[in-house]
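In: got a predicted structure here, sequence first:
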Amino acid sequence: FHKKCDETRPVCLVCTRHRRQCEYYETPDRRTRASRLVKNVAPEGAVALVSRVPAHQVDLTTQEQYFLDFFRRSTSFQCAGYFYDEFWQRLVHQASEDQPAIRHAVIGMGSMNYHFVRSRAGPSPCDQQFSLRQINKAIHSLQHNLIKEGMGRLRVETVLVACVVLVSTLLFQEDAVSAGLHLRSGYKLLEQYLMENGNKSDVAATLTRAFAGVHMVWSSFNSNGVLTGDQLPIPLLLPPQADATDEIQRANDLIVTLVRILSYQNNAHRSSIEPVGPTAEVDPADFVGKLLGLQGQLRAYRDIHKHHLIQRDLNALTILELWAELLPIIAMVETGPGPREMQYDNFLEHFQRILQLAESVLMSDNIDAPTFSVNLGVIPPLCLLAFKCRDPFVRQEALSLLRRSRRQEGIWSTGLTAFVVQRVYEIECAGVWPGDLIPNTSRIRCMHVDVRPAESRLCILYHTARACQGDDCRHLDSWESEWLAYKFGHS
């Protein structure tokens, strides 16, 4: 069907809401027609285009123009994943027109996404240096503008938008440490911004939700157990539920919030660093109750709307159901009596259900499916399933799904995740006959992965239940570890 374009720059909001590609091309203002035609030379291997270039792009190289356009027409929708995201599909586009810092940040991300797409078709060298140069340009532009213009409300919003894009880019580059440092700095500024402008700004809810999303991706991968004392935890700022536009958005907000709370509780258990925010007030029974209630709501929503939803929305609903099935398991085990690792064996039917949900999403994806996102996805639940479920058949099927799919969700990539899970399986099964139950003392209680893309290797650090006193790892100063060679950028 056809919807009239509302001519919003740089993409039509009508098309955005309906998750369609906008065919509207920006017409340069009459005052800038003198600089409107520039030959756009695409990267090697891409099709060269000739397009009108707006005034704010005249200082960009042809390569930068190409990747800016690629971000706007592809990457921003990929980053949103299966859900409509106001930050990636509206706010970033508007801010990048006026703010050079954000413009260079999204150019870097567009470059990474472009090379990721090419690598899915076969080996393709990725110019990491180009993305790094764009990040450095974005940071330099931010610093220059802050010194020149100070920290007014609009300037703070620019810094916050740029921070989310930079953190997302660092996560895609598998640099969890740098991403965490920028995320902490951004959160401090966001807290101050919300205190001073929360009721005055129409983008406060969008910014809070964007920070919550990248924080969820970072915290689901990161383990505070290996952080040094000066790396303080990130405070929890919850997106306003009343601001959600529909049932799926409200469910998305709830899942993101609960994932972050659960990460805080687990890290508080495994680390001497105390979390901050409202986590201490969370009752485990209330936590599980919310999730079980959400499961029922999602099933009812599917029954009512299954004949009216497009495949992308059905997949979004399935991802929410997948997370709502997984989180109660972790919450009940991690807050219950020990030995905790053995308790996961009681949830085999739930793990099988999670596997079916993940497979239904991955096998139903088409060419337009998001494979490069920073929103709720499939990889972290599959990793947790393969890590905590010791049934060999479920583990092998989870590994098979990861290896057959080629995608990246923030710092999580299918290839890296499958590689680490396979090694965990080998460590736990050492000395165990095939088909025998893995004893509690051999099970890995907690784990951290230190990725070193520049060195083409990674380090797996872990504690087994044998080393822990009960289920408490906080008394342990050292981790068992092993370095493994790994070729990044080909997963």
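Out: Received the coordinates, thanks. Residues are numbered from 1 along each chain as shown.
In: isn't Leu458 right next to His448, touching?
Out: No: between Leu458 and His448 there is no contact under CB atoms under 8 Å: 10.6 Å. Yep, even glycine has a C-beta here, placed from its N, CA and C like the rest.
In: which residues touch stretch 354-361?
Out: With CB atoms under 8 Å, 6 or more residues apart in numbering as the contact definition, stretch 354-361 has outside contacts at 315, 318-319, 321-322, 325-326, 378, 381-382, 385, 394, 397-398, 401.
In: no, scratch that, I was asking about stretch 158-167
Out: So stretch 158-167 is contacted by 87, 91-92, 95, 99, 101-102, 105-106, 109, 135, 138-139, 142, 145-146, 151, 179, 182-183, 185-186, 189-190, 193, 207, 210-211, 214, 218 (CB under 8 Å, 6+ apart).
In: swap in stretch 100-111?
Out: Contacts with stretch 100-111, where a contact means CB under 8 Å, 6+ apart, come from 56, 60, 64, 67-72, 74-76, 79, 92, 95-97, 127, 130-135, 137-139, 141-142, 145, 158-159, 161-162, 165-166, 168-169, 172.
In: strands along this structure, start to end?
Out: For the chain, applying DSSP state E gives strands covering 37-40, 49-52, 372-373, 408-409, 412-413, 444-452, 457-464, 480-485.
In: and the ones you listed: which comes nearest Ser201?
Out: Ser201 lies closest to strand 372-373 among the strands of the chain, at 26.0 Å (CB to CB).
In: what packs against the closest one?
Out: Packing contacts for strand 372-373, counted by 3 or more CB pairs under 8 Å, 6 or more residues apart in numbering; DSSP states H and E, involve helix 76-79, helix 100-120, strand 408-409.
In: quick one: which of the ones you listed is nearest Gly296?
Out: Smallest distance to Gly296 across the helices and strands packed on strand 372-373 (CB to CB): 26.7 Å, for strand 408-409.
In: in its sheet, what does the closest one sit against?
Out: strand 372-373 (parallel), strand 412-413 (antiparallel) (DSSP bridges).
In: how close does Ile411 get to Val167?
Out: To Val167, Ile411 is 10 Å away according to CB to CB, to the nearest Å.
In: common neighbours of those two, please.
Out: Common neighbours of Ile411 and Val167, counting by CB under 8 Å, 6+ apart, are 179, 218.
In: number of nearby residues for the nearest residue to Arg302 once chain neighbours are set aside?
Out: Spatial nearest neighbour of Arg302, excluding adjacent residues (CB to CB, 6 or more residues apart in numbering): Leu317 at 5.7 Å. When neighbours are counted by other CB atoms under 10 Å, Leu317 registers 22.
In: also Val167?
Out: Other residues close to Val167 by other CB under 10 Å number 28.
In: so for it, what's the pLDDT?
Out: You'll see Val167 listed with a pLDDT of 91.
In: isn't Leu317 right next to Tyr301, touching?
Out: Yes: counting by CB under 8 Å, Tyr301 is a contact partner of Leu317 at 6.8 Å.
In: overlap in contacts, these two.
Out: Shared contacts of Leu317 and Tyr301, counting by CB under 8 Å, 6+ apart, come down to Ile248.
In: PyMOL command to pick out the buried ones of the contacts of stretch 158-167?
Out: The command below creates a PyMOL selection of those among those that count as buried (16 or more other CB atoms under 10 Å):
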select buried, resi 87+91+92+95+99+101+102+105+106+109+135+138+139+142+145+179+182+183+186+190+193+207+210+211+214+218
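In: measure the spatially most central residue of the chain to Phe221 for me?
Out: The centre of the chain sits closest to Val374, judged by CA atoms, centre = their mean, with a distance of 3.0 Å. Distance check for Val374 against Phe221: by CB to CB, it reads 12 Å.
In: next: Lys290.
Out: Going from Lys290 to Phe221 by CB to CB gives 24 Å.
In: and if you look at Ser456?
Out: Taking CB to CB as the measure, Ser456 falls 19 Å from Phe221.
In: who has more neighbours out of the two?
Out: Remark: of Ser456 and Phe221, Phe221 carries more neighbours, 24 against 11, as counted by other CB under 10 Å.
In: just the pLDDT for the more buried one.
Out: Confidence score, pLDDT, at Phe221: 75.
In: do I have it right that it meets Glu409?
Out: No: if you go by CB under 8 Å, Phe221 and Glu409 don't touch, sitting 10.0 Å apart.
In: tell me, what's touching these two both at once?
Out: Common contacts of Phe221 and Glu409 (CB under 8 Å, 6+ apart): Pro380.
In: lowest average confidence, helix or strand, in this protein?
Out: strand 37-40 (a mean of 34; mean pLDDT, DSSP states H and E).
In: quick one: contacts for Ile329?
Out: Contacts for Ile329 (CB under 8 Å, 6+ apart) come out as 344, 347, 350-351, 388.
In: please redo it, this time with the cut-off set to 6 Å
Out: If you count contacts by CB atoms under 6 Å, 6 or more residues apart in numbering, Ile329 has them with 347, 350.
In: brilliant, that's me finished.
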